[in-house]
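Trainee: sequence isn't available, so here's the structure alone:
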């Protein structure tokens, strides 16, 4: 893929690093979207892609979303992201050595970018990176002195988003009797499921991992499983995408039978126009980069500000609830979709900081 000046200008960020790891033939992509307010921060995603173009598109979009996420939370961090385009599976030794080499690259950036776990990586991986990349690593294991997984604050942030969305839709944030469909039971989805069951919500879920599905059905009597291919046809109050991105497109949006969408997945819209399509269908969309900011906010509150886990979760829920409420109110009063309302708020908060300087 030719990374042209046009692509970089459309992205609106600062720096894109493309590095070939010769030992594994994996390609490391580090996107720093903004470091004007503060250092850029964002997770390390390791996965296979169809091609390099898809990997570059992913890292650019994800880093841009991180800038919006921090802006919505009034946090003095900029957006960044790392994507590792894996060309093959790595054994344990190869993986460890690869992460150590990535730590060297991270260290060379001298604090412009901080990393944490994302899809395909864990707190244990952050422990390894820390050896060569310290101190620019978030979310190490508790044993190693970090805050551990970001899944808990992320899930509680989604929970707060669901309550706020229900309050706007139905006049009450009580979830008892509400039907909530969770698409994807990864770490965040599983925690969210347990939280919602405690609220006596009617929870329906789907996942492609059959062993996980069987385990959940054996553990939780009150949940209902739905085959993945029926995800967009289920009647529910809230649809919670907690797996892959780009799942909301003209085809799936036309099939939806929900009142609102609130989920942890990144980049849920396949294209910006999908926000307007949801509005025209009368479906209230909670912008994903607001709903899922709990991980970034919770971990930085603990590791950078010295907050306890309880204090960080309280801060996450308050911030997400207040931000979504403002987005929903502005969207209604201005007759715009919720993404437009969110972008306007983020731009106002970034205006005095953000520079259009671009490095290629």
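Mentor: Yes, it's here. Please read these numbers as outputs of a predicted model, since none were measured by experiment.

Trainee: what's the burial count for the residue lying closest to residue 284 once chain neighbours are set aside?
Mentor: For residue 284, ignoring the flanking residues on the chain, the nearest one in space by C-beta to C-beta, 6 or more residues apart in numbering is residue 260 at 4.2 Å. C-beta coordinates here come from the backbone N, C-alpha and C atoms, glycine included. Here the number of neighbours of residue 260 (other C-beta atoms under 10 Å) works out to 24.

Trainee: doesn't residue 283 make contact with residue 260?
Mentor: Yes - Residue 260 lies in contact with residue 283 (C-beta atoms under 8 Å); the separation is 6.6 Å.

Trainee: just to revisit the earlier point, pLDDT score for the residue nearest to residue 284?
Mentor: Note for residue 260: predicted pLDDT of 98.

Trainee: so what's it up against?
Mentor: 165, 166, 169, 237, 238, 239, 283, 284, 285, 286 (C-beta atoms under 8 Å, 6 or more residues apart in numbering).

Trainee: and for residue 307?
Mentor: 301, 315.

Trainee: try residue 69
Mentor: Here residue 69 is in contact with 79, 289, 290, 292, 293, 296 (C-beta under 8 Å, 6+ apart).

Trainee: report the lowest-confidence entry in those residues.
Mentor: residue 296 (89).

Trainee: for it, which residues are in contact?
Mentor: 41, 42, 66, 69, 70, 73, 75, 77, 116, 150.

Trainee: hmm, back to that, any chance of the contacts of residue 69 in TSV, plus distance to residue 101 and secondary structure?
Mentor: Listed next are the contacts of residue 69 as TSV, based on distance: C-beta to C-beta, whole Å; DSSP: H, G, I helix; E, B strand; the rest coil:
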residue	distance to residue 101	secondary structure
79	24	strand
289	30	helix
290	35	helix
292	29	coil
293	30	coil
296	25	helix
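
Trainee: which of these lies closest to residue 224?
Mentor: residue 292 (24.3 Å; C-beta to C-beta).

Trainee: residues in contact with the residue positioned nearest the centre of the chain?
Mentor: For the chain, residue 266 is the residue whose C-alpha lies nearest the centre (C-alpha atoms, centre = their mean; 4.2 Å). Counting by C-beta under 8 Å, 6+ apart, residue 266 touches 62, 65, 245, 288, 289, 292.

Trainee: for the lengthiest helix in the chain, buried residues please.
Mentor: Secondary structure of the chain per DSSP state H: the longest helix is helix 309-334. Under the neighbour-count criterion of 16 or more other C-beta atoms under 10 Å, helix 309-334 has 312-317, 319-321, 323-324, 327-328, 330-331 buried.

Trainee: ok, stretch 335-353 next?
Mentor: 336, 337, 338, 339, 340, 341, 342, 343, 345, 346, 349, 350.

Trainee: residues in contact with the fifth one?
Mentor: Contacts here follow C-beta under 8 Å, 6+ apart; on that basis residue 340 touches 275, 331, 334.

Trainee: same thing with residue 185?
Mentor: 193, 205, 207, 209, 212, 213, 216, 242.

Trainee: which of the buried residues of stretch 335-353 sits closest to residue 174?
Mentor: Out of these, the member with the shortest distance to residue 174 (by C-beta to C-beta) is residue 338, at 22.4 Å.

Trainee: thought that closest one was touching residue 274?
Mentor: No - between residue 338 and residue 274 there is no contact under C-beta under 8 Å: 11.4 Å.

Trainee: neighbours of residue 170, just the number please.
Mentor: Residue 170 is flanked by 13 other residues according to other C-beta under 10 Å.

Trainee: cool, and residue 144?
Mentor: Neighbours of residue 144 using other C-beta under 10 Å come to 14.

Trainee: which SS class is it?
Mentor: coil (DSSP: H, G, I helix; E, B strand; the rest coil).
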